[in-house]
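A.B. asks: structural data only, the sequence is not supplied:
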Ligand code: HEM
């Protein structure tokens, strides 16, 4: 019997079933690869240095299965090896990493390259088309409307909210005396409480169970989005929908959106009732122009931040110095509702909800991580903590009085400490943009093609020895005026820069000064863990996966000279 006769009919059909589809898939992949090689994206992308890419997969294996801690190490290694412009292929997706301030300026300072990368889509079910992820005309008009709600006069009206909540977290931390604990838990809790009040007007007194549930839901949602960034399979909606994370996300979003919608509805009803009685709240313009003669700070109001960020040319510097003090306090939500009702801005209730949700997210994880890093660093660098406390003592003595806005202007060394901490541990370590047009950058005249995703490595830029003499040493003097004045503006971008920079920058700095000074007036931070033991994770927000572990001791309210 011949060999062919030996093969049974069912074996032949099985061969056909497996073999032909395989040939078809392989041919399809090969044709795709050939087509890809001819594309402009591919040709321009491959002129940029980067690791050897496999057909179809590109460099995906370099990141496959890596934990967030490993990813940050891989990114730094490749950037050290290939230089300031590095390309990588994730399948057919081109990523270009930039770490030279001159190149970064071309992207961030542009009015054209303002679209966010597709990775930001994980926020969409939560934030909708809010400021962080929207693009085009919608982003432009909302930015124009929201930036003025962060006017320094409006921020000043939040000083008491910052004080009360800072005092309250100090009381809560008392139970940790003598133990090693994760200070991020406390910083995260107080940040959400402050945001509930400043963004939505929900105070401790008016806050019922739903306020607490909301705070927990915001924290858990951040966690799910973190998971979707670093667990590769969760990136695909088709898979994510069948996981327990999806069910959890649905429940959390019901809580978050339920509360925001309820608050907006109640506030709108109240606004209409008040209006009928002739009670009309002040407009954003009125609040921004208001002058309080009693503080007399006009010429004194410039801070280090004004110098450090002055080269950004963003929309946050509307003549703040002339405006001092404000008596009325309105949450961002009230201001947006008011401007929609009085016809100044065209914004629907749904859009207001998206913007409030966005502020709750953006304002939370960033400042919680920022404040936690500062407290850990001060626990490690005792001599710097002593200097910070001496400055605080010179402002407050041993009193327990709350901080005023004027006090925050005197916290010059603390401000340098905050800036230095944001340099070494920027809460947003990466900024990603999708290019819709080709763009030429100064480094080697490379042309970055439309369709590529540009990833700006803030963490790496901040540790460039060309701009910081000892980049890995925590040294607040990096922000002495003589050291900042000639430094490239884009070598320090914790809040991003240009038209899409952080709208909450001034809010964040003011809040951090009050919160941190209140904690330090009551406790001495202590840490046995040194910086080289920090385990950092690369993610949307830079955190320590080993936890922000510190100890606290009661503060002896005396200056070091006593
Ligand atoms: C230390 C604290 C903070 C840091 C380091 C920080 C950093 C940033 C960065 C880097 C961006 C740009 C993100 C990107 O392009 O992908 C951004 C955007 C933004 N931030 Fe912040 N942020 C902080 C605090 C806040 C606070 C407190 C708020 C609000 C209360 C806020 C609201 C926003 C909003 C709404 C955007 C989007 C702006 C736009 O696209 O036009 N941020 N932030």
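C.D. replies: Here it is on my side, so go on. This one's a predicted model, so the numbers in the text were calculated from it and none came from an experiment. Numbers count the residues shown, from 1 in each chain.
A.B. asks: how close does residue 101 get to the ligand?
C.D. replies: According to C-beta to the nearest ligand atom, to the nearest Å, residue 101 stands 15 Å off from the ligand. Any C-beta I mention is one placed from the backbone N, CA and C, and that applies to glycine too.
A.B. asks: number of residues surrounding that residue?
C.D. replies: Here the neighbour count serves as a burial measure; for residue 101 (other C-beta atoms under 10 Å) it reads 23.
A.B. asks: please verify my assumption that it contacts residue 491.
C.D. replies: Yes. Proximity of residue 101 to residue 491 meets the contact threshold set by C-beta atoms under 8 Å, at 4.5 Å.
A.B. asks: what sits in contact with each of those two?
C.D. replies: Common neighbours of residue 101 and residue 491, using C-beta atoms under 8 Å, 6 or more residues apart in numbering, are 461, 464, 467.
A.B. asks: residue contacts, the second one?
C.D. replies: Residue 464 sits next to 99, 101, 471, 491 when contact means C-beta under 8 Å, 6+ apart.
A.B. asks: burial count for the closest residue to the ligand within the chain?
C.D. replies: Distance from the ligand to each residue of the chain (C-beta to the nearest ligand atom) is smallest for residue 504, at 2.2 Å. Using other C-beta under 10 Å as the criterion, residue 504 is surrounded by 21 other residues.
A.B. asks: how close does it get to residue 131?
C.D. replies: If you measure residue 504 against residue 131 using C-beta to C-beta, to the nearest Å, the figure is 10 Å.
A.B. asks: residue 525 now?
C.D. replies: Counting by C-beta to C-beta, the separation of residue 525 from residue 131 is 34 Å.
A.B. asks: near the ligand, which residues of the stretch 1-150 of the chain?
C.D. replies: Near the ligand, the residues belonging to the stretch 1-150 of the chain are 131-132, 143 when assessed by C-beta under 6 Å from any ligand atom.
A.B. asks: show me where the stretch 151-300 of the chain has helices.
C.D. replies: Taking DSSP state H, counting those that start in this stretch, the helices of the stretch 151-300 of the chain run over residues 152-156, 159-173, 183-200, 209-230, 237-240, 244-276, 284-289.
A.B. asks: and if you look at the stretch 401-550 of the chain?
C.D. replies: Listed in chain order, the helices of the stretch 401-550 of the chain (DSSP H, counting those that start in this stretch) span 405-410, 412-424, 458-461, 481-484, 505-522.
A.B. asks: closest to residue 435 out of these?
C.D. replies: Of all those, the one in closest proximity to residue 435, counting by C-beta to C-beta, is helix 458-461 (18.5 Å).
A.B. asks: can you tell if the closest one touches the ligand?
C.D. replies: No. Helix 458-461 lies out of reach of the ligand by C-beta under 6 Å from any ligand atom, never closer than 7.1 Å.
A.B. asks: contacts for that helix?
C.D. replies: 72, 75-76, 79, 99-101, 104, 425-426, 428-431, 490-494, 542.
A.B. asks: residue 529 - how many residues pack around it?
C.D. replies: Neighbour count of residue 529, defined by other C-beta under 10 Å: 17.
A.B. asks: quick check: beta-bridge partners of the residue lying closest to it once chain neighbours are set aside?
C.D. replies: In space, residue 529 comes closest to residue 549 once its chain neighbours are excluded; the distance is 5.9 Å by C-beta to C-beta, 6 or more residues apart in numbering. For residue 549, the beta-bridge partners under DSSP bridges are residue 182.
A.B. asks: and residue 549, how many residues sit next to it?
C.D. replies: As a burial measure, the neighbour count of residue 549 was computed by other C-beta under 10 Å and equals 19.
A.B. asks: ok, residue 303 next?
C.D. replies: Taking other C-beta under 10 Å as the criterion, the count of residues near residue 303 is 20.
A.B. asks: what pLDDT is listed against it?
C.D. replies: In the prediction, the pLDDT value recorded for residue 303 is 70.
A.B. asks: can you check residue 411 too?
C.D. replies: Here the pLDDT value assigned to residue 411 is 97.
A.B. asks: now swap in residue 519 and tell me
C.D. replies: The model reports residue 519 with a pLDDT of 98.
A.B. asks: likewise residue 312?
C.D. replies: Per the predicted model, pLDDT is 60 at residue 312.
A.B. asks: begin at 439, not 1, for the rest of this chat.
C.D. replies: OK, 439 is where the count begins now, so the last one is residue 750.
A.B. asks: hang on, the earlier thing: which among the helices of the stretch 589-738 of the chain is found nearest to residue 818?
C.D. replies: Each of those has some distance to residue 818 by C-beta to C-beta; the shortest is helix 621-638, at 12.8 Å.
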